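In: no sequence on this one, just coordinates:
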């Protein structure tokens, strides 16, 4: 298992380099740079603009910029300096990454905590009213775009006042006690987490139903029923664990969809996470901040896939043996 983990970590290096090259190439394909946005102000002298381009290295060919960035990244783990924030990129991303991971974790707990039992319940009641109702809800969740669901929930919060309409904390956060701060954070987290979880919840619930139905048709399940075991024992003790194996392999991919879904939730609800930082950096053409954000997202996605592989090995002895 250790060799497997080390091999995956070694494979991460060329992947990250490819991501950096592709990010720089895409940014160069777009017209203008960070200084171009500053030049929109007619009061900024041309000499100041030239000095900014020289200071940020934007007056050099982009392959040279890329080479310097990769060298600093490999030798010093330096992600560069943000043009717009005037701070190191790692410092800018640190808080945003933690906030995004918090939102993604809440969305994952909500999606998987509901998808597995609801999918299993629907499979155990195949063809009944509960199965048809859950299928209709799942198809609705898959059909509604995340932007629309986010705007609808935002309208709900604005009209009812039950939830905050944006942000991560209340204005009186500093004066609250520890328990009150946790409650306030969860209050702000509720609607963004629902937006992040809706699409994965619908998809994983359908996949859980399909996986359990496949297992319930196997011979060993039929043999368990023939021994006189009740249906609940057959499903919970014999079929459910094997049905979870293919679901675990999807965990890493779910993390990727949660990260992309968090971008929508962060923009709609003003959640100060990695997605919002990346969006603002793209608009500002802050290339080092964009590259750092994409690198962070890539590392998180690969880590999710690695966790999924380790979880699968933990529950399936065949994977450990291989």
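Out: Done, it's in. No experiment lies behind these values; they were computed from the predicted model shown. Residues are numbered from 1 along each chain as shown.

In: now the helices for the stretch 101-250 of the chain?
Out: 129-143, 146-160, 178-216, 219-226, 231-233, 240-249 (DSSP state H, counting those that start in this stretch).

In: Just list what whatever helix or strand residue 304 lives in packs against, helices and strands only.
Out: Residue 304 belongs to helix 287-315 when assigned by DSSP states H and E. Here helix 287-315 touches helix 2-29, helix 62-76, helix 89-124, helix 240-249, helix 251-269, helix 274-284, helix 317-321, going by 3 or more Cβ pairs under 8 Å, 6 or more residues apart in numbering; DSSP states H and E. C-beta coordinates here come from the backbone N, C-alpha and C atoms, glycine included.

In: tell me which residues in stretch 126-145 are buried?
Out: Buried positions in stretch 126-145, judged by neighbour count with 16 or more other Cβ atoms under 10 Å: 131, 134, 138, 141.

In: What is the neighbour count of the nearest residue to residue 176 once chain neighbours are set aside?
Out: Among residues not flanking residue 176 along the chain, residue 184 sits closest, at 6.3 Å (Cβ to Cβ, 6 or more residues apart in numbering). Using other Cβ atoms under 10 Å, residue 184 has 17 neighbouring residues.

In: Could you do residue 109 as well?
Out: Neighbours of residue 109 (other Cβ under 10 Å): 12.

In: mind listing what it touches?
Out: Counting by Cβ atoms under 8 Å, 6 or more residues apart in numbering, residue 109 touches no other residue.

In: Could you measure from it over to residue 205?
Out: 15 Å (Cβ to Cβ, to the nearest Å).

In: which residues does the spatially closest residue to residue 82 that is not a sequence neighbour contact?
Out: Of all residues not flanking residue 82 in the chain, residue 289 sits nearest, at 4.5 Å (Cβ to Cβ, 6+ apart). Residue 289 makes contact with 80, 82-85, 89, 92-93, 277-278, 281, according to Cβ under 8 Å, 6+ apart.

In: can you do 7 Å?
Out: Listed by Cβ atoms under 7 Å, 6 or more residues apart in numbering, the contact set of residue 289 reads 82, 89, 92, 281.

In: Just the buried ones among these, please.
Out: For these, buried by 16+ other Cβ under 10 Å: 82, 89, 92, 281.

In: ok, so of those residues, who is nearest residue 10?
Out: Checking the buried ones among the contacts of residue 289 against residue 10 by Cβ to Cβ gives residue 89 as the nearest, at 24.7 Å.

In: how about residue 84, phi and psi?
Out: Backbone geometry at residue 84, expressed as degrees, to the nearest 10, gives phi -80, psi -30.

In: Let me know whether it touches residue 285 as I believe.
Out: No - counting by Cβ atoms under 7 Å, residue 285 is not a contact partner of residue 84; they are 8.9 Å apart.
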